[in-house]
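K.L.:
3D, please:
(2 chains)
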Amino acid sequence: MYKIVKKETAAKKPSYYYNLLGLVLALVFTALFILSLSHHPFEVFGAMVEGVFGSSYRMKSVLRYAVPLIVIGIGISAAFKMKFWNIGAEGQMMMGGIFSAYLALNFGHWPALLLLPLMMLAALLGGGLYGLFPAMLKKRFGLNEVIVTLMLNYIALELLTYLQFGPWKDPNSLGFPKIANFSANALLPRWSGVHIGIFIALLLVVVAYLYHKHSKIGYEVSVIGDSEETANYAGINTRKVMYKVMFVSGGLAGLAGMIQASGDIKTISVHLTMGAGFTAIIVAWLAALKPQWILVVALLFAMLTQAGYYIQTAMQIPASATQVIQSIILFCMLGSDFFKEYKIVKEQKQ
Amino acid sequence: MIEKFLIAVVVAAMPLLYGVLGAITGEKVGQLNLGIEGIMLVGAVTSFLTAHYTESAFWAVIMAMASGVLINLIYAVLTILFRANQTVTGLVITIFGVGLANTLGKPFTGMAIPANVAAAFEPIAIPYLSDIPWIGAALFHQDLLTYLAFATVLVLYVYFNKTHMGLNITAVGDDPMVASSVAINVLRYKFVHVLISGAITALGGAFLTLVFIDGWQENVTAGQGWIAVALVIFAGWQPIRALFGALFFGGLSMMEYYFKLEISTYFVNMLPYAFTILILLLASLRKSSQSFAPKSLGLPFFRESR
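P.N.:
Next up is the predicted model:
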């Protein structure tokens, strides 16, 4: 028989050693998966690199995909640190998009300097309230936040579908169900082909890093995450902290919705999120909920996404295959974490 | 009219029912699995592909169950052996399952299953019982997979509540440390039931491709796996109540096809999700249902930390 033993502190290798090992394993599994799709792994890996670094347009696409992952990832990590499993970033992002689009569509003639900040505030409010609601249901009635936030995703998607096919349908689109493009004043400024959302994301990383390390609420969140009982005992108002953090967590997802709408697709549609709300969960977890690592992991995942789109057109590999590759990486990471603390040894017969 | 509606409700409820029963089987031993949606979708694509290539209804069902076992093997190794976080692992199982199923199914989108397989899942009337007015046809003039679902409800009810093993399962789910101290092999109980849970869950997907739509469509589960996870709480971890919960949601999803409703179809589509939250709320107000929850649900088990 084998048994699991906790490692002696002295015998531990640095933790990134096991993550690297996990990454190598993930590469092997990914290669096997690609083989099973009757493609040559090295050709596909080569095409993926080509798809990311092959042109400046492709590299800019990587930045475009990374922005929502960073912004949402920061918000999710704050909630996860408190062990509040916010799976609802998709819905919160859509709500932020809807709130900001309301302003963009109705007050598009306002000057950009007034309109854009207002749209951001509206997005923060829309996403924030949509994040606050499940927090209230959890604190007041003990409802499982995973289920509630998930259901809210579907409700937001139906609402957005309703708007796109109903009251917000562009009358000039010849019957095609799409929402009108935002006016120029409602679009985020661009800087050499990249919208300024990337700077907002970078700023957020810095702010989140400082908050995490040096603020009272950052500390309180960590305590609640370790044990809510301890937090209560220490006189932390857990309800207030949870409400605040979930408002910010949802609000950031909402902001990402505004950035996507105003910076990237120039309108909103049912395809606003492109699954960023779910991918950001993986990003946050892989980054161990640390802002500086979220930046790195989000860029890596954005590269994977861009590579996925490229091999879809170049080699006819469906985009859903990227999801499989992403989850293979995460499986290996989840597995490798175990070996940081434990080892499996053969049990001696007595 | 009402009779037709009831028949449709039962059919619509079955994928959910398999999902809930699968989720309950895992959660009874303390394993919270958010991968239900992914497992169902993999079950759906596997049963479709098997039916497509073997033209055998039997193998389509068996292979679907096998695929559920395999997917949950990943979950079991990571959460039970390697003590990974159950919430995160389950989520990744869903992303993996959805991605895998849509990748494998891509070339077959919109295709129907072979006629002989579809014929094997035509409704079969049970003599006398199916003649009961109103509910007879809904319950006793159905396909084989529906009867199998009814049977699974009964088997699980007896297994959990009337057998020695069922007692052990409750012990494992409530307090694995105590269970372990009375020589119950906790890890084996967890492993076996998580694998069985995968097999049952995958049947929900198989039902969709083999019976409900007779073919493959991308994302055919459309979030039903998530509703199943929520229904577990409503059902209080009890198979019989799971049946009623599934029927209720089946009714909700079929309503707009049989009754003229005055509201936009987008809002009707919201109902199952809104009702899920409402039902959780009711379940929490009725405190008793919480007491059925396995007390170690979602927590890792460390034997050496006694």
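K.L.:
How about the stretch 1-150 of chain B: which residue is closest to chain A?
P.N.:
residue B:99 (2.8 Å; Cβ to the nearest Cβ). C-beta coordinates here come from the backbone N, C-alpha and C atoms, glycine included.
K.L.:
quick one: low-confidence parts of the stretch 201-350 of chain A?
P.N.:
A:348-350 (pLDDT under 70).
K.L.:
ok, which stretches of it are helices?
P.N.:
Assignment of helices within the stretch 201-350 of chain A using DSSP state H, counting those that start in this stretch yields the ranges A:216-226, A:228-233, A:238-259, A:276-286, A:291-315, A:320-341.
K.L.:
With distance to chain B as new columns, can the ones you listed be given to me in TSV?
P.N.:
Listed next are those as TSV, based on distance: least, Cβ to the nearest Cβ, whole Å:
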stretch	distance to chain B
helix A:216-226	12
helix A:228-233	14
helix A:238-259	16
helix A:276-286	5
helix A:291-315	10
helix A:320-341	3
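K.L.:
In contact with the residue nearest to the residue of the stretch 1-150 of chain B closest to chain A when sequence neighbours are not counted, which residues are there?
P.N.:
Setting aside the residues directly before and after it, residue B:99 is nearest to residue A:323 in space (Cβ to Cβ, 6 or more residues apart in numbering or on different chains), at 2.8 Å. By Cβ atoms under 8 Å, 6 or more residues apart in numbering or on different chains, residue A:323 lies in contact with B:95-96, B:98-99, B:102.
K.L.:
Could you check how far residue A:323 is from residue B:209?
P.N.:
According to Cβ to Cβ, to the nearest Å, residue A:323 stands 20 Å off from residue B:209.
K.L.:
for the strand or helix carrying residue B:230, what is the average pLDDT?
P.N.:
Using DSSP states H and E, residue B:230 falls within helix B:224-234. Summarised as a single mean, pLDDT over helix B:224-234 is 87.
K.L.:
And the next helix or strand along the chain from it, what's buried?
P.N.:
The helix or strand immediately downstream of helix B:224-234 is helix B:239-258, counting by DSSP H and E. Neighbour counts over helix B:239-258 (16 or more other Cβ atoms under 10 Å in any protein chain shown) mark B:239, B:241-243, B:245-254 as buried.
K.L.:
Next: stretch A:48-56.
P.N.:
Residues A:48, A:51-52 are the ones in stretch A:48-56 that count as buried (16+ other Cβ under 10 Å).
K.L.:
tell me which of the residues you listed is nearest to chain B?
P.N.:
For the buried residues of stretch A:48-56, the closest approach to chain B (Cβ to the nearest Cβ) belongs to residue A:48, at 15.8 Å.
K.L.:
shaky segments in chain B?
P.N.:
For chain B, residues meeting the criterion pLDDT under 70 lie at B:287-292, B:303-306.
K.L.:
Next one: the residue of the stretch 151-300 of chain B found nearest chain A from residue A:147, what distance?
P.N.:
Of all residues in the stretch 151-300 of chain B, residue B:266 sits closest to chain A, at 3.7 Å by Cβ to the nearest Cβ. Distance, residue B:266 to residue A:147, using Cβ to Cβ: 22 Å.
K.L.:
Those two: which is more packed in?
P.N.:
Here residue B:266 and residue A:147 are compared on neighbour count by other Cβ atoms under 10 Å in any protein chain shown; more neighbours surround residue A:147, at 26 against 17.
K.L.:
That one should be in a helix, yeah?
P.N.:
Yes - in this structure, residue A:147 lies within a helix as judged by DSSP: H, G, I helix; E, B strand; the rest coil.
K.L.:
quick one: pLDDT of it?
P.N.:
Here the pLDDT value assigned to residue A:147 is 83.
K.L.:
check contacts around the closest residue to it other than its chain neighbours.
P.N.:
For residue A:147, ignoring the flanking residues on the chain, the nearest one in space by Cβ to Cβ, 6+ apart is residue B:230 at 4.4 Å. Residues near residue B:230 by Cβ under 8 Å, 6+ apart: A:144, A:147, A:151, B:276, B:279-280.
K.L.:
Of those, which belong to helices?
P.N.:
A:147, A:151, B:276, B:279-280 (DSSP state H).
K.L.:
so where do the strands sit in chain A?
P.N.:
A:2-6, A:190-191, A:194-195, A:342-346 (DSSP state E).
K.L.:
Sheet partners, orientation included, of the third one?
P.N.:
According to DSSP bridges, the neighbouring strands of strand A:194-195, each with its direction, are strand A:190-191 (antiparallel).
K.L.:
Check the last one too.
P.N.:
Here strand A:342-346 has these sheet partners by DSSP bridges: strand A:2-6 (antiparallel).
K.L.:
Restrict the partner strand to CA atoms and write it as PDB.
P.N.:
Taking Å, rounded to 0.1, in the frame of the first residue of the first chain, the C-alpha atoms of strand A:2-6 are listed here in PDB:
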ATOM      1  CA  TYR A   2       0.900   3.600  -0.500                       C
ATOM      2  CA  LYS A   3       0.300   6.400   1.800                       C
ATOM      3  CA  ILE A   4       0.400  10.200   1.800                       C
ATOM      4  CA  VAL A   5       2.900  11.900   4.000                       C
ATOM      5  CA  LYS A   6       3.400  15.600   4.700                       C
END
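K.L.:
quick one: buried residues of that strand?
P.N.:
residue A:4.
K.L.:
what's the spacing between that strand and its chain's center?
P.N.:
Distance of strand A:2-6 from the chain centroid (Cα atoms, centre = their mean, to the nearest Å) equals 35 Å.
K.L.:
Could you tell me the angle between it and helix A:320-341?
P.N.:
Put simply, strand A:2-6 runs at 70 degrees to helix A:320-341, going by axes from the mean of the first three to the mean of the last three Cα atoms, to 10 degrees.
K.L.:
Can you name the two of the contacts of residue B:230 that sit furthest apart?
P.N.:
A:144 and B:279 (11.8 Å; Cβ to Cβ).
K.L.:
circling back to that earlier point, make CSV out of the contacts of residue A:323 and add secondary structure and neighbour count.
P.N.:
Supplementary listing: the contacts of residue A:323 in CSV, determined by DSSP: H, G, I helix; E, B strand; the rest coil; neighbours: other Cβ atoms under 10 Å in any protein chain shown:
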residue, secondary structure, neighbour count
B:95, helix, 23
B:96, helix, 25
B:98, helix, 26
B:99, helix, 24
B:102, helix, 22
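K.L.:
Can you name the two of the buried residues of helix B:239-258 that sit furthest apart?
P.N.:
Distance extremes for the buried residues of helix B:239-258: the farthest pair is B:239 and B:254 at 22.6 Å, using Cβ to Cβ.
K.L.:
can you tell me how far residue A:181 sits from chain B?
P.N.:
Distance of residue A:181 to chain B, computed by Cβ to the nearest Cβ, to the nearest Å: 23 Å.
K.L.:
in terms of contact, does that residue touch residue A:269 like I think?
P.N.:
No - with contact defined as Cβ atoms under 8 Å, residue A:181 does not reach residue A:269; the gap is 10.7 Å.
K.L.:
who's in contact with residue B:162?
P.N.:
Not one residue lies near residue B:162 by Cβ under 8 Å, 6+ apart.
K.L.:
again, but for residue A:25
P.N.:
Listed by Cβ under 8 Å, 6+ apart, the contact set of residue A:25 reads A:332, A:335-336.
K.L.:
Let me know the closest of these to residue B:18.
P.N.:
Looking across the contacts of residue A:25 and measuring by Cβ to Cβ, the closest to residue B:18 is residue A:335, at 28.5 Å.
K.L.:
With that, I have no additional questions.
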